[in-house]
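1. Build me a model:
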Amino acid sequence: MKVQASYSEYSVQGISEAARKAEERGYDIFSSSETGHNPYLPLVLAAEHTEQVQLQTSIALSFARSPMDTAYIAWDLQNLSKGRLSLGLGSQVRGHIVRRFSMPWSAPAPRMREYIVALKHIWDSWQNGTKLDFAGDHYSFNLMSPFFNPGPIDNPDIQVSIAGVNPNMLRVAGEVCDGVILHSFNTPRYTREVVLPNLQLGAERTGRSIEDIQISGGGFIVTGANEEELEKNKQETKSRISFYASTRSYADVMKTHGWDDTHEKLYRMSIDGQWNEMGAQITEEMLENFAVVGTYDEIAPKIKSTYGRYATSVAFSMPIKGEDDEEVLLNILKKLKES
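-> All right, here's what the predicted structure looks like:
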């Protein structure tokens with residue numbers, strides 16, 4: 001199992017140091033996400049300050065950018081990092097794409113499939129000199145003058161993963177992607193009944209199997225040095241779970257467990273702005289389904305027992321306050337990476 005790290009301080013020094021330390025500690029993947037900042041810029045810094053760790057966007061928004069724009073920046077990052085980029089893309093929800101980015105919206109799964117196919121067509125044109133001539137329902141590309149062509153690079157095979165929760169997007173991941181990035185708002189039961197079967201269906205469309213798909217993540221991890229820390233982190237995680245459980249786009253995960261009433265209640269509470277009270281609606285049973293919970297000395301085997309059945313990588317981090325914490329982290333990483 002590969003293990004993924006990220007950064008907490010969005011600054012040149014903070015990102016550079018986090019990337020360097022991640023590689024030093026033996027992490028396999030250093031990731032950057034798109035929330036309040038651009039997700040690609042941190043990976044430029046990470047590429048400069050590391051030599052081996054894989055660099056991943058987890059995730060960058062696809063529909064906020066043209067496939068051509070994404071193709072350029074991914075091509076440059078792949079070249080700068082000497083082949084270490086893993087491009088993770090996500091669709092986001094309609095409200096953000098339309099109201100925050102002022103970009104068009106349509107059914108996300110067919111659009112995402114076309115987006116990925118377009119990316120690969122563009123990269124093939126740059127690497128192999130094939131004619132740029134892509135025409136789809138959402139995107140069309142047929143102009144690539146030599147002046148705007150970046151040309152071939154030494155490591156042209158960029159791994160592409162997409163975030164997937166619902167069946168249609170999971171099938172797209174299985175059909176045209178190298179991997180899928182599962183949402184934290186996920187349970188082992190939902191993975192068994194929805195995620196894996198739909199990945200397999202998608203893979204079969206192109207003569208592949210689920211073994212050809214890298215699967216990243218799939219739930220929350222709640223840990224701490226002792227029971228007091230663990231309880232505090234459990235309450236924080238319940239609040240995060242309640243936020244996702246209130247979202248219409250993720251209702252199917254709640255429905256799989258028969259928690260429709262809780263979803264509806266949380267949705268109404270979110271409309272009324274009752275964000276601080278929503279976490280109390282998440283029961284211990286729900287937490288145990290959405291998260292792996294345990295102290296530092298318990299967490300590694302619990303993660304492997306829960307996610308090791310399907311995940312090829314997981315994200316794990318903990319606060320480092322001194323040498324003792326460093327030793328604890330290195331021991332957890334060692335256990336997670338053991339076969």
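
2. tell me which helix or strand of the chain sits lowest on mean pLDDT?
-> helix 94-95 (a mean of 92; mean pLDDT, DSSP states H and E).

3. which helices and strands does that one pack with?
-> Using 3 or more CB pairs under 8 Å, 6 or more residues apart in numbering; DSSP states H and E, no helix or strand is in contact with helix 94-95. Glycine gets a C-beta too; all of them are placed from N, C-alpha and C.

4. Which parts of the stretch 151-300 of the chain are strands?
-> Along the stretch 151-300 of the chain, the segments classed as strands by DSSP state E, counting those that start in this stretch run 159-164, 179-182, 214-216, 220-222, 291-293.

5. and the ones you listed as a markdown table, adding distance to residue 249 and mean neighbour count?
-> Output for the strands of the stretch 151-300 of the chain, formatted as a markdown table (distance: least, CB to CB, whole Å; neighbours: other CB atoms under 10 Å):
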| stretch | distance to residue 249 | mean neighbour count |
| --- | --- | --- |
| strand 159-164 | 11 | 24 |
| strand 179-182 | 14 | 25 |
| strand 214-216 | 19 | 21 |
| strand 220-222 | 18 | 22 |
| strand 291-293 | 20 | 22 |
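
6. and of the ones you listed, who's closest to residue 139?
-> When the strands of the stretch 151-300 of the chain are compared by CB to CB, strand 159-164 sits nearest residue 139, at 15.5 Å.

7. what sits up against the closest one?
-> Residues outside strand 159-164 that contact it (CB atoms under 8 Å, 6 or more residues apart in numbering) are 56, 59, 62, 85-91, 112, 116, 119-120, 169-170, 172-173, 177-183, 195, 199, 214, 216.

8. Same check on stretch 204-216?
-> Identification of contacts with stretch 204-216 by CB under 8 Å, 6+ apart yields 4, 58, 88, 159, 161, 171, 173-182, 196, 199-200, 203, 310-315.

9. List only those of these flagged as buried.
-> Applying a neighbour-count criterion of 16 or more other CB atoms under 10 Å, the buried members of the contacts of stretch 204-216 are 4, 58, 88, 159, 161, 171, 173-182, 196, 199-200, 203, 310-311, 313-315.

10. and the longest helix seen in the chain, what does it pack onto?
-> The longest helix of the chain (DSSP state H) is helix 108-128. With contacts taken as 3+ CB pairs under 8 Å, 6+ apart, helix 108-128 sits against helix 67-80, strand 85-90, strand 134-135, strand 140-141, strand 159-164, helix 167-176.

11. and those as JSON lines, adding mean pLDDT and distance to residue 284?
-> Formatted as JSON lines, those follow (pLDDT from 0 to 100; distance: least, CB to CB, whole Å):
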{"stretch": "helix 67-80", "mean pLDDT": "98", "distance to residue 284": "42"}
{"stretch": "strand 85-90", "mean pLDDT": "98", "distance to residue 284": "30"}
{"stretch": "strand 134-135", "mean pLDDT": "98", "distance to residue 284": "51"}
{"stretch": "strand 140-141", "mean pLDDT": "98", "distance to residue 284": "52"}
{"stretch": "strand 159-164", "mean pLDDT": "97", "distance to residue 284": "28"}
{"stretch": "helix 167-176", "mean pLDDT": "98", "distance to residue 284": "29"}
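
12. Now render these as JSON lines, adding distance to residue 302.
-> Listed next are the helices and strands packed on helix 108-128 as JSON lines, based on distance: least, CB to CB, whole Å:
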{"stretch": "helix 67-80", "distance to residue 302": "34"}
{"stretch": "strand 85-90", "distance to residue 302": "25"}
{"stretch": "strand 134-135", "distance to residue 302": "46"}
{"stretch": "strand 140-141", "distance to residue 302": "47"}
{"stretch": "strand 159-164", "distance to residue 302": "24"}
{"stretch": "helix 167-176", "distance to residue 302": "25"}
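
13. Can you tell me which of the ones you listed is most buried?
-> Most buried of the helices and strands packed on helix 108-128, by mean neighbour count (mean count of other CB atoms under 10 Å): strand 85-90, with a mean of 26.

14. can you list contacts of that one?
-> If you take CB under 8 Å, 6+ apart as the criterion, strand 85-90 is touched by 29, 31, 34, 43, 54-62, 70, 74, 77-78, 112, 115-116, 158-163, 178-179, 181, 216.

15. Direction included, what does it pair up with?
-> Using DSSP bridges, strand 85-90 pairs in its sheet with strand 54-57 (parallel), strand 60-61 (parallel), strand 159-164 (parallel).
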